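S.K.: Dropping a prediction and its sequence here:
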Amino acid sequence: MGLPFTVSCEHYGVQTTVPEKRSIDNNLTRVDKVFHNLVTLGAFFSMVVLAAIGGFLLYRGFEIFKDFGFSFITSSKWDIGNPEDTSTAILGIGAMLFGSVITAIIAVVISVPFAVATALLIEFYVPGWIKTILVSILDLVAALPSVVFGIWGYAVLLPLVEDWSVTIEHYLGWIPIFNVPSEIFGRSPLLAGLLLGLMIVPIITSVAREVYSQAPRELIDAASALGGTRWGALRAVVLPFGRSGLVGGTMLGLGRALGETVAVYLTLNLVFEINFKILASAGGNVASLIATKFGEATAYELKALMAAGLVLFLVTLLVNFGATMIVNKSRKIV
Amino acid sequence: MDSQVNETTRPHITAKVEIPEQRSKLHTEDLQVDAASKSGLEARSVHAWFDKHHALADISLHFPKNTVTGLIGPSGCGKSTFLRLLNRMHEFIPRAAMAGEVLFAGNDIYAPGVNPIDIRRRIGMVFQKPNPFPAMNIGENVVAGLKLSRVKTSNKDALIEDCLTRAGLWKEVKDRLGSAGGSLSGGQQQRLCIARALALNPEVLLLDEPCSALDPGSTLRVEETIVQLSATMTIVIVTHNMQQAARVSDYCAFFLSDGGPGHLVEADLTTNIFSNPSDSRTADYVQGRFG
């Protein structure tokens, strides 16, 4: 009796010629084609806008980079000299860049512990209805305009931080960063950093919450069944699992803190010198520099502000890019 | 709660009774210790709910010391729920509730003042899906329970070797204790999880379908391990595999849910369940006529 199929044993072990790969025609329907073009267009649009902003800033600020070179981002002097003669101007954003970084670092140091605690509370400790309330409160905080934060920081936080600063300086003044020879406290990097920290808690919390919620249930169960306390299970399973996600979320927050304008403008005294004494009332950041000087800038100064904008643009782009990479990497582990 | 008064006279496998009140963890009744249940583990009129859903009704079962009991029955009849009730893992499920008592060495593990963490240390559990901790290597996985419960050990290496040997894994992994637990095969991972549970030296080991994700060879190794362990500890194993139940268990309990909450149809010596069950549904199930 013949088999209903042919057995071709002779193929095995016999060298055959490798055939050419066939092309597979991916025939999209018309609706799919239209939609495909539509989403491509949408996606490209934001990229075009991003490139246009970068190109514009580069175009307007190019002269500054040509005139000052690398010293534009290292020097701290901001002097337009004789408005008629641009060669007398000395412009550098070193102090502002340093201020951006130090306030952002203070913000991150303050906000990460709170964000982790909040995320763990929401995901593992509270019942569903409280979770819903807490999440909407966090969303609300994230949506608050930064000028509201700034005003609140100026009116409420400033006097408090001033008091704390006096105390900290009194006891810890021997540590260089807490030393304030001028005895002028108040609108200091600490205040601005603290305020930025409060602003970025919701961002970091929401990313941390997302990665923590993906921690495998069976591993948490395993830790509990081994006689772990809830905190023990969280520490053994959830925190290691969410580590890279937390780093990514922190960098997203860092990006926001680096670029914040109004809140820093209201709570930090603009002084053109590198100030690492975080309690002293002196500092600034690149964004608030632009906001401060923009209104009455000379044509040449305006170019410098554009160049400063480009530097800030690149730094935040880099931080956000890094954050996205890390967050994506942590998702893949899942 | 009058129904709780006649504690000592209540038969072990009861007929349908009226549904008792759900217990809270702050249940304040005095515990009556029954001399017969001082060894091993015993469930008395246990019920389980998930929110409004009554998942398990009136289960009374005694697990004698150093025996293997198989829990069998079709999916959804509450076997796993019952298993999780035996070491207080049930309460991790939101809105889960229970009633009845689980006596361990004569004491109700749901009594007020009992530390559930302590219970889980003494009643170990192995899950359906192998779940070694991915952030730890093989050796660290074995002693993870000690670290979690902050138990100090004088000789960690000896303990790792001992637990892995008892779980039947030592020979295969002794040269690579430093590699990740996830690098092992599924069957090896499951034996690693057994070793991890053994490190706390539990008196009872609960296994929830430990072989359902394993190939026949690995299944055989795990079964050998179970039989060896039963010399020194009480084992309760949930399984869908009738041959497995027949091979490893001394006693079998058949659970069934006919639309309502899961209940116990019968519990007996494994040989009786397979050769001469008293209920026709048990016979139908073990012979593969349904389920």
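M.R.: That came through fine. Numbering: from 1, shown residues only, chains lettered A, B, ... in the order given.

S.K.: So what's the residue count around residue A:264?
M.R.: 33 (other Cβ atoms under 10 Å in any protein chain shown). Every C-beta, even on glycine, is put in place using the N, C-alpha and C of the backbone.

S.K.: need the contact list for it.
M.R.: A:103, A:150, A:192, A:195, A:196, A:284, A:285, A:287, A:288 (Cβ atoms under 8 Å, 6 or more residues apart in numbering or on different chains).

S.K.: Among these, which one lies nearest to residue B:186?
M.R.: Nearest to residue B:186 among the contacts of residue A:264: residue A:196, at 48.3 Å, using Cβ to Cβ.

S.K.: List the contacts of the closest one.
M.R.: A:103, A:104, A:106, A:107, A:256, A:257, A:260, A:263, A:264.

S.K.: Specify the local secondary structure of it.
M.R.: At residue A:196 the chain is in helix, as set by DSSP: H, G, I helix; E, B strand; the rest coil.

S.K.: pLDDT at it, what is it?
M.R.: We have a pLDDT of 95 for residue A:196.

S.K.: how much space is there between it and residue B:192?
M.R.: Computed as Cβ to Cβ, to the nearest Å, the residue A:196 to residue B:192 distance reads 46 Å.

S.K.: With pLDDT as extra columns, can I get the contacts of residue A:196 in JSON lines?
M.R.: Listed next are these as JSON lines, based on pLDDT from 0 to 100:
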{"residue": "A:103", "pLDDT": "93"}
{"residue": "A:104", "pLDDT": "93"}
{"residue": "A:106", "pLDDT": "94"}
{"residue": "A:107", "pLDDT": "95"}
{"residue": "A:256", "pLDDT": "89"}
{"residue": "A:257", "pLDDT": "92"}
{"residue": "A:260", "pLDDT": "90"}
{"residue": "A:263", "pLDDT": "91"}
{"residue": "A:264", "pLDDT": "91"}
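
S.K.: Sitting in helices, which of the residues you listed do you find?
M.R.: In this view, these that belong to helices under DSSP state H are A:103, A:104, A:106, A:107, A:256, A:257, A:263, A:264.

S.K.: just these now: which is nearest residue A:137?
M.R.: Looking across these and measuring by Cβ to Cβ, the closest to residue A:137 is residue A:256, at 18.5 Å.

S.K.: Hmm, residue A:200 and that closest one touching each other?
M.R.: Yes. Assessed by Cβ atoms under 8 Å, residue A:256 is found in contact with residue A:200 at 5.5 Å.

S.K.: between the two, which one's more packed in?
M.R.: residue A:200 (27 against 21).

S.K.: Count the neighbours of residue 101 for me.
M.R.: By default, I'm working from chain A. Residue A:101 has 16 nearby residues by other Cβ under 10 Å.

S.K.: hm, I was asking about chain B
M.R.: 25.

S.K.: With residue A:33 instead?
M.R.: That count, for residue A:33 with other Cβ under 10 Å as the rule, works out to 11.

S.K.: can you tell me the helix or strand for it?
M.R.: helix A:30-68 (DSSP states H and E).

S.K.: Quick one: the helices in the stretch 51-200 of chain A, in order.
M.R.: A:71-74, A:94-120, A:128-143, A:146-152, A:158-172, A:189-213 (DSSP state H, counting those that start in this stretch).

S.K.: Distance to residue B:218 added to the ones you listed, as a markdown table?
M.R.: Listed next are the helices of the stretch 51-200 of chain A as a markdown table, based on distance: least, Cβ to Cβ, whole Å:
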| stretch | distance to residue B:218 |
| --- | --- |
| helix A:71-74 | 61 |
| helix A:94-120 | 36 |
| helix A:128-143 | 39 |
| helix A:146-152 | 58 |
| helix A:158-172 | 60 |
| helix A:189-213 | 32 |
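
S.K.: Who's the closest spatial neighbour of residue B:159, skipping the chain neighbours?
M.R.: The shortest distance from residue B:159 to any non-neighbouring residue, by Cβ to Cβ, 6 or more residues apart in numbering or on different chains, is to residue B:153 (5.5 Å).

S.K.: returning to that earlier point: what about the helix holding residue A:33, distance to the chain center?
M.R.: 21 Å (Cα atoms, centre = their mean, to the nearest Å).

S.K.: And that helix, what's buried?
M.R.: Neighbour-count burial for helix A:30-68 flags A:57, A:60, A:61, A:64, A:65, A:67, A:68 (criterion: 16 or more other Cβ atoms under 10 Å in any protein chain shown).

S.K.: Show me what from chain B comes close to chain A.
M.R.: B:87, B:89, B:92, B:94, B:117-118, B:120-121, B:124-125, B:127, B:129, B:131, B:133-135, B:144-145, B:147-149, B:193, B:196-197, B:200 (Cβ under 8 Å from any Cβ of the partner chain).
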